[in-house]
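S.K.: A predicted structure for the sequence below; I have some questions about it.
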Amino acid sequence: MRKVAVAGVGMTKFGKTDKSLVELFSEAAMEAITESNIRPGDIQALFVGNCLGDFAEGQANIAGFIASELGLPPSVPATRFEGACATASVAIRDAFMWVASGFYDTVLVGGVEKILHMGTPLATRTFAMASDSRYEEFSGLTFPGVFAMLAHMYAHKYGIPLPVLKERMALVAVKNHKNGAKNPLAQFQKEITVETVLNSFMVADPLQLFDCCPFSDGAAALVLTTEEKARKMVQKPVYVLGIGQGSAGSLCRQKDYTVMQSRVASARQAYEMAGVGPGDIDVCELHDCFTIAEIVASECLGFFEFGKGSEALETGETAIGGKIPINPSGGLKAKGHPIGATGAAQAYEIVKQLRGECGDRQVDGARIGMTDTLGGDASTIVNLILGV
Amino acid sequence: MSFYKLTHREYFDALKEGRLLGLKCRQCGGYTVPPKACCDGCGGTDTEVAGLSGKGEIKTFTVVRVAPEGLQAPYIVAMAELEEGPWLMGNLLDVDPDRAGMDLIGKKVSVGHRVVQMNYTAGEGVTPVFKIIP
């Protein structure tokens, strides 16, 4: 396998927009192409992550339209990828494989989603489609519901009184909003307090509104290329050191999902490929779709022992300047979660962090960063380790 | 001849008749409920259809207060561990959602069913429901 580099990245501001899916993706893509000092004609393949375009815009098979929008030649294959909230990361992993294998030198990959105009009932219904439609959707399970059940299971398993766990969960939201306030592309750029979380309405017991990430519109994109070409294109290439992907079935088959086996397996693949361990990671963007989700992810990735992740919120170990800064971008919680774009937006943040371009939210001296993206109820997990 | 010994539709039909069916593995002895193509424990395909006791205990739950389009909140979603080992996702009935608390975890339940009509599905669904055994 050849070494693969990220030459350029692009991202739209997350939040409500009147732009279409094609326009959103193309905006992020053009920024990534321009940053890479190449032209669209230099792109050999396009990998588009999009989860809900069919329901959002009546748009299936979007990849070819994006290729045309960007002026890519007819010889460029354009393919849509889907892995629920891990959609863009699944696309990135595939794009990586094609460059690593030597089949292509330079490819464009990213993700896009447009949800806010759908309204909460339809958005909640379509998100729930990422659960098992045969055996679990008919219970009326929602995504907040999946992580609400996880929070109850976590509190019971580790003997943490629910009010104590809920305060620590609220600290996840407080931290990520504090980081998001320093990110000009974040959907929410406003700090909140523990009280903001605990006074917000109940979505799925015990998760309140501010335990949940928002519905979002947005896109992010990356240009991947060979090490040799990246050095000619840009001053500071960022390299893909490791990548992993894991799978799992229905929640009832996963049983105790406080330890997500698909995530443990995916992270192990990424660590082994990179030849590093959790202690070597300087900065991490992980899947905080709900506050409890950040805690559980931080344990599965090996940053904390199982059952100890929530304590780290009280000691500040996951804040910028802490032992392992988590979600300096604001995370899904504050930056926003346009589901098909999220994995690419996480990679965007890590690339910017490793280049030292993050201003007030910069993690000093970051040289190795990691992303973690969860699709559905852990049925798809992707981890990416980047380094300079 | 179908590869499947028990399809989801056959499993639903049995639930509607008050029977909880699954697969029992002739290799490892484990149960797979709800059914799938192979044993959930060892991956073996030498399985037979088996009836289950329909008894278990609550492992976790939530009260859904923001429902998907087409459903009315609030309602309780729970997972129960069956006596034979597998877990099931379903609705907990006969408990006031506003009184649902951590003390539900560990409660013994019996399994029933509920027929569900939802949008964007291939016909009616049947979901397990749980009732607390007094």
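M.R.: Thanks, I have it. Computed from a predicted structure; not experimentally measured.

S.K.: checking the closest residue to residue A:1 other than its chain neighbours next. Helix, strand or coil?
M.R.: With sequence-adjacent residues excluded and distances taken as CB to CB, 6 or more residues apart in numbering or on different chains, residue A:1 is closest to residue A:100, at 4.2 Å. Heads up, the C-betas are built off the backbone N, CA and C, glycines and all. At residue A:100 the chain is in helix, as set by DSSP: H, G, I helix; E, B strand; the rest coil.

S.K.: residues in contact with residue A:100?
M.R.: By CB atoms under 8 Å, 6 or more residues apart in numbering or on different chains, the residues touching residue A:100 are A:1, A:2, A:3, A:4, A:240.

S.K.: buried subset of those?
M.R.: A:4, A:240 (16 or more other CB atoms under 10 Å in any protein chain shown).

S.K.: min pLDDT across the contacts of residue A:100, which one?
M.R.: Lowest pLDDT among the contacts of residue A:100: residue A:1, with 92.

S.K.: any figure for the gap between that one and residue A:226?
M.R.: Look at residue A:1 and residue A:226: by CB to CB, to the nearest Å, they are 11 Å apart.

S.K.: please enumerate the strands of the chain.
M.R.: In the absence of a named chain, chain A is used. Using DSSP state E, the strands assigned to chain A run over residues A:4-11, A:45-49, A:78-81, A:107-114, A:202-204, A:207-208, A:217-226, A:238-247, A:283-285, A:368-375, A:380-387.

S.K.: that answer is for a different chain, and I need it for chain B
M.R.: Per DSSP E, chain B carries strands over the ranges B:21-25, B:31-32, B:47-51, B:55-64, B:75-82, B:87-92, B:108-116, B:125-132.

S.K.: tally of neighbours for residue 48?
M.R.: Since no chain was named, I'll use chain A. If you count neighbours by other CB atoms under 10 Å in any protein chain shown, residue A:48 ends up with 32.

S.K.: the chain in question should be chain B.
M.R.: 10.

S.K.: tell me what it is bridged to.
M.R.: residue B:24 (DSSP bridges).

S.K.: and it, how far from residue A:285?
M.R.: Distance from residue B:48 to residue A:285, counting by CB to CB: 47 Å.

S.K.: could you do residue A:2 as well?
M.R.: From residue A:2 to residue A:285 the distance is 25 Å (CB to CB).

S.K.: what's the separation between the residue most central in space within chain A and chain B?
M.R.: Centroid-nearest residue in chain A: residue A:343, 3.4 Å away (criterion: CA atoms, centre = their mean). Counting by CB to the nearest CB, to the nearest Å, the separation of residue A:343 from chain B is 24 Å.

S.K.: what parts of chain B come near chain A?
M.R.: Contact residues (CB under 8 Å from any CB of the partner chain) of chain B with chain A: B:8, B:34, B:36, B:40, B:59-71, B:75, B:77-79, B:81, B:86-91, B:100, B:102, B:105, B:116, B:118-121, B:125-128.

S.K.: now do the contacts for residue 111.
M.R.: Just going to use chain A. Counting by CB under 8 Å, 6+ apart, residue A:111 touches A:25, A:48-50, A:87-88, A:91, A:219-221, A:338, A:340-345.

S.K.: hm, I was asking about chain B
M.R.: Going by CB under 8 Å, 6+ apart, residue B:111 touches B:20, B:54, B:55, B:56, B:80, B:82, B:88, B:90, B:128, B:129, B:130.

S.K.: sorry, back to before: ok, the residue nearest to the centre of chain A touching residue A:95?
M.R.: No - counting by CB atoms under 8 Å, residue A:343 stays clear of residue A:95, with 11.2 Å between them.

S.K.: coming back round to it: as CSV, the contacts of residue A:100 with distance to residue A:155 would be great.
M.R.: Listed next are the contacts of residue A:100 as CSV, based on distance: CB to CB, whole Å:
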residue, distance to residue A:155
A:1, 43
A:2, 47
A:3, 44
A:4, 41
A:240, 37
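
S.K.: kindly indicate which of the contacts of residue A:100 lies nearest chain B.
M.R.: residue A:1 (29.5 Å; CB to the nearest CB).

S.K.: surely that closest one and residue A:98 touch.
M.R.: No - between residue A:1 and residue A:98 there is no contact under CB under 8 Å: 11.1 Å.

S.K.: for residue B:1, give me the pLDDT.
M.R.: Predicted confidence (pLDDT) for residue B:1: 56.

S.K.: could you pull out the helices for the stretch 101-250 of chain A?
M.R.: Using DSSP state H, counting those that start in this stretch, the helices of the stretch 101-250 of chain A run over residues A:120-128, A:143-158, A:162-180, A:194-198, A:227-233.

S.K.: tell me which of those helices is the most buried.
M.R.: Across the helices of the stretch 101-250 of chain A, averaging neighbours per residue (mean count of other CB atoms under 10 Å in any protein chain shown) puts helix A:143-158 on top, at a mean of 25.

S.K.: could I get the CA-only coordinates of that one as PDB?
M.R.: C-alpha atoms of helix A:143-158 as PDB (Å, rounded to 0.1, in the frame of the first residue of the first chain):
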ATOM      1  CA  PHE A 143     -32.000   7.900  18.000                       C
ATOM      2  CA  PRO A 144     -32.300   9.900  21.200                       C
ATOM      3  CA  GLY A 145     -34.000   6.700  22.500                       C
ATOM      4  CA  VAL A 146     -31.000   4.500  21.600                       C
ATOM      5  CA  PHE A 147     -28.600   6.700  23.600                       C
ATOM      6  CA  ALA A 148     -31.100   7.300  26.400                       C
ATOM      7  CA  MET A 149     -31.300   3.500  26.900                       C
ATOM      8  CA  LEU A 150     -27.500   3.500  26.800                       C
ATOM      9  CA  ALA A 151     -27.300   6.200  29.600                       C
ATOM     10  CA  HIS A 152     -29.600   4.100  31.800                       C
ATOM     11  CA  MET A 153     -27.600   1.000  31.200                       C
ATOM     12  CA  TYR A 154     -24.400   2.800  31.900                       C
ATOM     13  CA  ALA A 155     -25.600   4.300  35.200                       C
ATOM     14  CA  HIS A 156     -26.900   0.800  36.300                       C
ATOM     15  CA  LYS A 157     -23.800  -1.100  35.200                       C
ATOM     16  CA  TYR A 158     -21.200   1.100  36.800                       C
END
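
S.K.: which strands and helices sit next to it?
M.R.: Here helix A:143-158 touches helix A:120-128, helix A:162-180, strand A:202-204, strand A:207-208, helix A:291-300, strand B:55-64, strand B:75-82, going by 3 or more CB pairs under 8 Å, 6 or more residues apart in numbering or on different chains; DSSP states H and E.
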